[in-house]
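>>> Quick one: sequence plus predicted model below, questions after.
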Amino acid sequence: MENTSKNERPNSLHLFNTMDKKIGIFSFFAGAGFLDLGFEKTGHYETLFMNEYHKAFADIYIASRKKMGIAPPVFGHQVTDITENLTNLNSIWLSDNLKEAKKSHDIVGFIGGPPCPDFSIAGKNRGQSGENGKLSGTYIELICQNKPDFFLFENVKGLYRTTKHREFFEAMKLKLINAGYYITEKLINAIEFGAPQDRDRIILIGFQRSALGDFGFKLNGSPLIKNFNWEKNTIFKADEVFGLNWPTLEKFIENTKKPMPSNIPVELTVEHWFKKNNVEKHPNGNHYFIPRAGLAKFEVIDEGDDLKKSYKRLHRWRYSPTAAYGNNEVHLHPYKPRRISAAEALAIQSLPKEFVIPDHITLTDMFKTIGNGVPYLAAKGLAENIFDFIYNNPIKDLKTSYAEVNSKQYSSVYQSA
């Protein structure tokens with residue numbers, strides 16, 4: 001790539017002639033790296049930097065990727081509080097690295113999902129004043145200060161739907177708009193992307209005005225992007241999936257065999273993913289909590305009884321409830337008298353079977369980081385949506401929504417793309 005000064009970007013023609021070049025990403029609140037892995041496995045992205053506060057989570061990130069043969073980020077692994085990147089030397093260091101990244105990558109973005117218990121109805125619900133809630137504001141400030149070409153922000157639906165938190169969410173959006181970002185948002189469900197899990201999350205995506213111009217988009221007065229196709233890389237419609245005739249409660253009998261119902265998508269079932277990932281022989285297959293009080297309580301809960309606050313038994317031929325393994329929430333194996341293993345939890349998060357957590361990580365840290373992560377297939381689908389918006393978008397007017405375009409024309413354009 002030819003050199004450009006710090007105030008110049010490659011022109012749009014050059015940009016669209018370099019689609020083989022990967023988009024650079026700086027990852028924050030990286031956890032075990034599910035979101036990053038989803039982006040990278042599209043083949044379109046390269047992680048250049050990661051930040052994670054918890055050392056155990058960072059250890060999983062580093063070890064799992066090494067085992068899968070993924071090169072470490074060129075700007076390293078930063079194991080520290082994200083707020084340190086707003087001030088002093090860390091701020092300068094991050095800014096310099098972002099400038100350096102733009103010399104070798106036409107597009108560079110920030111991705112991250114700040115810790116969400118303070119916005120979760122099932123969690124602490126302390127909002128923006130909570131220690132975790134403040135980190136959402138910090139991430140937005142970091143984006144506004146450094147102005148990457150695009151960003152992705154992920155959080156629980158409580159931030160989006162709860163009245164007491166919605167004001168904070170709207171204030172963050174206004175701050176991003178004032179920093180030059182055009183934005184789009186959607187409440188997604190991981191099951192739409194093929195993950196075997198009912199998991200709602202709010203996703204906010206933004207692009208810098210200057211970058212949109214370089215991508216060839218027609219800018220207008222509104223900072224709201226309407227031509228972002230959120231459904232482009234989904235596989236299912238959540239309302240249709242949830243409306244199917246799924247199995248309900250059945251008496252728990254250890255190690256029984258039950259035939260698969262014929263009227264359900266098998267690829268969304270727990271059992272399908274357990275077999276796909278060969279969980280019994282997976283290196284994390286024996287990593288599960290053993291109760292001190294014995295197994296009696298585990299043996300009386302029906303298969304498929306997953307509506308309780310705790311002690312939810314999964315159904316083998318159904319999708320899992322949200323993979324959340326904190327706050328005393330216990331998920332039980334469908335036909336074994338025990339809690340699910342780390343391997344089974346990874347499968348429910350739709351991770352490839354090659355993803356392995358090192359043995360020295362505590363069970364508490366294993367399950368916490370698994371539950372915190374973005375389901376791999378959802379991350380991959382979102383990454384594809386961003387890539388397709390930039391490179392494969394037939395609608396160049398940001399204020400024109402897909403609903404306003406003739407469906408036949410829309411279909412033919414994408415078939416030829």
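All right, it came through fine.

>>> Enumerate every residue touching H54.
Counting by CB atoms under 8 Å, 6 or more residues apart in numbering, H54 touches 31, 79, 365, 369. From N, CA and C alone the C-beta is placed, and that goes for glycine too.

>>> Among those, name the ones in helices.
Among these, DSSP state H puts 365, 369 in helices.

>>> For the chain, give me the ranges with low pLDDT.
Within the chain, the stretches with pLDDT under 70 are 1-20, 116-133, 161-162, 293-294, 327, 402-417.

>>> rerun that using 50 as the cut-off
Applying pLDDT under 50 to the chain flags residues 1-18, 117-120, 123, 127-128, 130, 406-417.

>>> on that earlier part again, restricted to buried residues, select the contacts of H54 in PyMOL.
Applying 16 or more other CB atoms under 10 Å to these leaves a buried subset, and the PyMOL line that selects it is:
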select buried, resi 31+79+365+369
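
>>> possible to save the contacts of H54 as TSV with distance to R209?
Output for these, formatted as TSV (distance: CB to CB, whole Å):
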residue	distance to R209
G31	31
V79	34
D365	41
T369	36
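
>>> ok, so of the contacts of H54, who is nearest G113?
Distance to G113 across the contacts of H54 (CB to CB) is lowest for G31, with 8.1 Å.

>>> Please name the residues that touch that closest one.
Counting by CB under 8 Å, 6+ apart, G31 has contacts 52, 54, 57, 60-61, 369, 372-373.

>>> Look up how far K368 lies from the residue nearest to H287 when sequence neighbours are not counted.
Residue nearest to H287 in three dimensions, not counting chain neighbours: A342, with 4.0 Å by CB to CB, 6 or more residues apart in numbering. Applying CB to CB, to the nearest Å, the value for A342 to K368 is 11 Å.

>>> More neighbours: which of the two?
Taking other CB atoms under 10 Å, A342 and K368 do not tie; A342 has more neighbours (25 against 19).

>>> Next, the buried residues of the helix or strand harbouring I143.
Using DSSP states H and E, I143 sits in helix 131-146. By 16+ other CB under 10 Å, the buried positions in helix 131-146 come out as 132-144, 146.

>>> Over to stretch 47-59?
For stretch 47-59, the neighbour count (16+ other CB under 10 Å) marks 47-54, 56-59 as buried.

>>> is it possible to export those residues to CSV including secondary structure and distance to E240?
Below are those laid out as CSV (DSSP: H, G, I helix; E, B strand; the rest coil; distance: CB to CB, whole Å):
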residue, secondary structure, distance to E240
T47, strand, 34
L48, strand, 38
F49, strand, 39
M50, strand, 36
N51, strand, 38
E52, coil, 36
Y53, coil, 39
H54, coil, 38
A56, helix, 39
F57, helix, 35
A58, helix, 39
D59, helix, 40
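
>>> farthest pair in those?
Taking CB to CB, the two most distant members of the buried residues of stretch 47-59 are L48 and A56; they sit 23.1 Å apart.

>>> isn't Y181 right up against P223?
Yes. Counting by CB atoms under 8 Å, P223 is a contact partner of Y181 at 7.1 Å.

>>> So for the two, which sits in the more crowded spot?
Using other CB under 10 Å, the more surrounded residue of Y181 and P223 is Y181, with 26 against 19.

>>> For the residue nearest to the more buried one when sequence neighbours are not counted, pull up the helix or strand it's in.
Spatial nearest neighbour of Y181, excluding adjacent residues (CB to CB, 6+ apart): G206 at 3.8 Å. Here G206, judged by DSSP H and E, is contained in strand 200-208.

>>> Compute the inter-axis angle for that strand and helix 131-146.
Inter-element angle recorded for strand 200-208 and helix 131-146: 20 degrees (by axes from the mean of the first three to the mean of the last three CA atoms, to 10 degrees).

>>> Pairing partners for strand 200-208, with directions?
In the sheet, strand 200-208 lines up against strand 150-155 (antiparallel), strand 181-189 (antiparallel) (DSSP bridges).

>>> Just send those strands back as CSV, with distance to P115 too.
Below are those laid out as CSV (distance: least, CB to CB, whole Å):
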stretch, distance to P115
strand 150-155, 9
strand 181-189, 19
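
>>> Pick the most deeply packed of the ones you listed.
Among the strands paired with strand 200-208, strand 150-155 has the highest mean neighbour count (mean count of other CB atoms under 10 Å), at a mean of 24.

>>> Give me the distance from it to the chain's centre.
Distance of strand 150-155 from the chain centroid (CA atoms, centre = their mean, to the nearest Å) equals 9 Å.

>>> How about the secondary structure of the spatially most central residue of the chain?
With distances taken as CA atoms, centre = their mean, V374 lies nearest the centre of the chain, 3.2 Å away. Using DSSP: H, G, I helix; E, B strand; the rest coil as the criterion, the local structure at V374 reads coil.
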